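# Just to be clear, the model below is a prediction. Sequence and coordinates:
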Amino acid sequence: MSDIYPIAVPKWGIEMVEGTITTWNKSEGDAITKGDEVFEMESDKIVNVWDSPVDGILRRVLVPAGDAHPVGALLGVIADASVADSDIDAFIAAHSSAPVEVEAASAAGEPAAKQIVQTGDAYTRSSPSVRRLADELDVDLGTVTGTGRRGRITDEDVKAAAGGSSGAPDGVKVIPLTATRKTIARRLTEAKQTIPHFYLTAEYELDALLAHRAALNESGNVKVSVNDLIVWCVAQALMKEPRVNVNLVGDDIHQFSAAHVSVAIATDDGLYPATVYNADTKSPAEIATATAELADKAQTGKLAKEDISGGSFTVSNLGMFGITQFTAIVNPPMGAILALGKATQQVVVEDGEQRVATTLNATLSCDHRVIDGAVGAQYLAALGEVIAAL
């Protein structure tokens with residue numbers, strides 16, 4: 001290895017712009033062997049582990065866990081024991097005085113991604129969220145004294161410089177956004193502002209589906225929920241109307257030959273679009289098993305990148321919370337999302353005769369750039385045919 005190796009925020013994924021260290025697995029002075037897990041970092045709703053590409057000693061830990069940092073930002077230094085402390089200090093100072101090119105090696109062994117990082121003193125001592133707060137409060141970061149570890153500038157430092165502690169009145173609890181919630185906020189804001197949404201709502205009778213579910217659960221070992229069975233129906237309908245089974249990637253439409261259905265899973269940290277791959281070839285029981293495994297990973301913070309990517313269509317169900325109907329925001333690059341409400345008993349009229357049926361409202365949100373209104377309507381019709389055929 002070279003005498004001094006910089007530990008920088010790696011670029012995991014095309015859309016990643018910053019990451020938050022959740023845990024340092026090594027401390028200053030620890031020996032590092034190539035492949036050791038040095039730290040865990042949260043970005044884009046998932047936690048990745050950074051494996052060291054070199055041997056050496058962890059000579060410096062420059063940032064604490066909990067702060068967000070841009071891709072390429074210097075986090076620490078690995079060096080041989082023989083390297084003088086003054087040389088390491090000079091190396092870090094060089095990164096703090098001018099824009100530098102930092103090579104961020106990925107944990108997966110992919111080619112290193114180079115980022116140009118502006119490392120002026122106030123910049124390197126603050127996270128992107130702190131800089132945004134400073135802009136909002138009209139605070140010059142160059143005049144702020146950092147009280148965090150190694151002089152890091154915190155939110156409270158900026159608020160104090162602006163003349164207030166938090167701006168919240170008495171009796172109001174201030175809860176900072178987590179890295180996951182910041183990612184959700186950024187993505188949903190971009191999606192709502194840039195995607196021309198349109199919405200189509202259909203009502204389905206579910207009595208046949210409910211009877212089919214009861215039969216499956218009576219004969220099988222895996223309990224299938226209503227949502228599991230609807231996801232199965234959604235996947236079959238995507239095979240009938242594949243023009244909805246699409247992603248928009250740049251200026252190209254990617255139309256999938258298989259239904260990779262993202263199921264929105266709610267956790268305390270936010271909503272995760274976990275992907276059930278090849279749902280069109282899975283049985284309802286297999287979908288139930290896959291969804292349960294993804295939900296467990298989401299609740300325990302163990303979702304991997306492949307678990308929340310690769311989806312071709314999204315299903316979001318709030319029926320279990322008593323919601324009868326809602327509209328959802330399209331999750332790019334996918335072209336559509338189906339919002340499901342609560343199944344309720346209603347009086348319906350058919351051929352002049354009244355009867356009671358269990359009905360469900362489903363609202364399809366579409367990206368009008370890739371899906372036309374008629375195509376969305378034909379998909380909902382195909383879904384109705386699949387549900388009725390059970």
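All right, it came through fine.

# residue boundaries of the helices in the protein?
Along the chain, counting by DSSP state H, helices occupy 85-97, 121-124, 128-137, 155-161, 179-194, 207-219, 226-240, 284-299, 373-388.

# which of the ones you listed is buried the deepest?
helix 226-240 (a mean of 23; mean count of other C-beta atoms under 10 Å). (C-beta placed from N, C-alpha, C; glycine too.)

# chain center to it: distance?
23 Å (C-alpha atoms, centre = their mean, to the nearest Å).

# need the contact list for V315.
Shown in contact with V315 (C-beta atoms under 8 Å, 6 or more residues apart in numbering): N227, I230, V231, V234, V261, S262, V263, A264, I337, L338, L340.

# Point out where the chain drops to low pLDDT.
Under the criterion of pLDDT under 70, the regions of the chain flagged as low confidence span 1-2, 14-15, 44-45, 96-125, 128, 148-150, 163-168, 176, 178-179.

# Domain parsing of it, as residue ranges.
1-174, 195-388 (automatic domain parsing).

# if we can go back for a sec, make JSON lines from the contacts of V315 and add distance to E28 to it.
Formatted as JSON lines, those follow (distance: C-beta to C-beta, whole Å):
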{"residue": "N227", "distance to E28": "48"}
{"residue": "I230", "distance to E28": "52"}
{"residue": "V231", "distance to E28": "48"}
{"residue": "V234", "distance to E28": "51"}
{"residue": "V261", "distance to E28": "46"}
{"residue": "S262", "distance to E28": "41"}
{"residue": "V263", "distance to E28": "42"}
{"residue": "A264", "distance to E28": "41"}
{"residue": "I337", "distance to E28": "46"}
{"residue": "L338", "distance to E28": "50"}
{"residue": "L340", "distance to E28": "51"}
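
# Could you single out the nearest of the residues you listed to I329?
Nearest to I329 among the contacts of V315: I337, at 7.3 Å, using C-beta to C-beta.

# My guess is that closest one contacts S316. True?
Yes - contact status for I337 versus S316: in contact at 6.1 Å, counting by C-beta atoms under 8 Å.

# more neighbours, the two?
Ranked by neighbour count (other C-beta atoms under 10 Å), I337 and S316 place I337 first, with 25 against 22.

# could you dump the domains of the chain to TSV with distance to I184?
As requested, those are arranged in TSV below (distance: least, C-beta to C-beta, whole Å):
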stretch	distance to I184
domain 1-174	7
domain 195-388	5
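
# among these, which is nearest R181?
Nearest of the domains of the chain to R181, taken as C-beta to C-beta: domain 195-388 at 5.5 Å.

# Endpoint to endpoint, that closest one covers what distance?
32 Å (C-alpha to C-alpha, to the nearest Å).

# ok now that domain, how far from the chain's centre?
19 Å.

# coming back round to it: which among the contacts of V315 gets closest to A73?
Proximity of these to A73 (C-beta to C-beta) peaks at S262, which lies at 30.6 Å.

# any idea how far P332 is from the closest one?
Distance of S262 to P332, given as C-beta to C-beta, to the nearest Å: 12 Å.

# Neighbour count for the two, which is higher?
Between S262 and P332, S262 has the larger neighbour count (other C-beta under 10 Å), namely 27 against 17.

# surely that one meets P333?
No - taking C-beta under 8 Å as the definition, S262 is not a contact partner of P333, at 11.2 Å.

# quick one: which of the contacts of V315 is nearest D30?
Comparing the contacts of V315 against D30 with C-beta to C-beta places S262 closest, at 39.4 Å.

# Run through the bridge partners of the closest one.
Following DSSP bridges, S262 is listed with bridge partners T275, T314.
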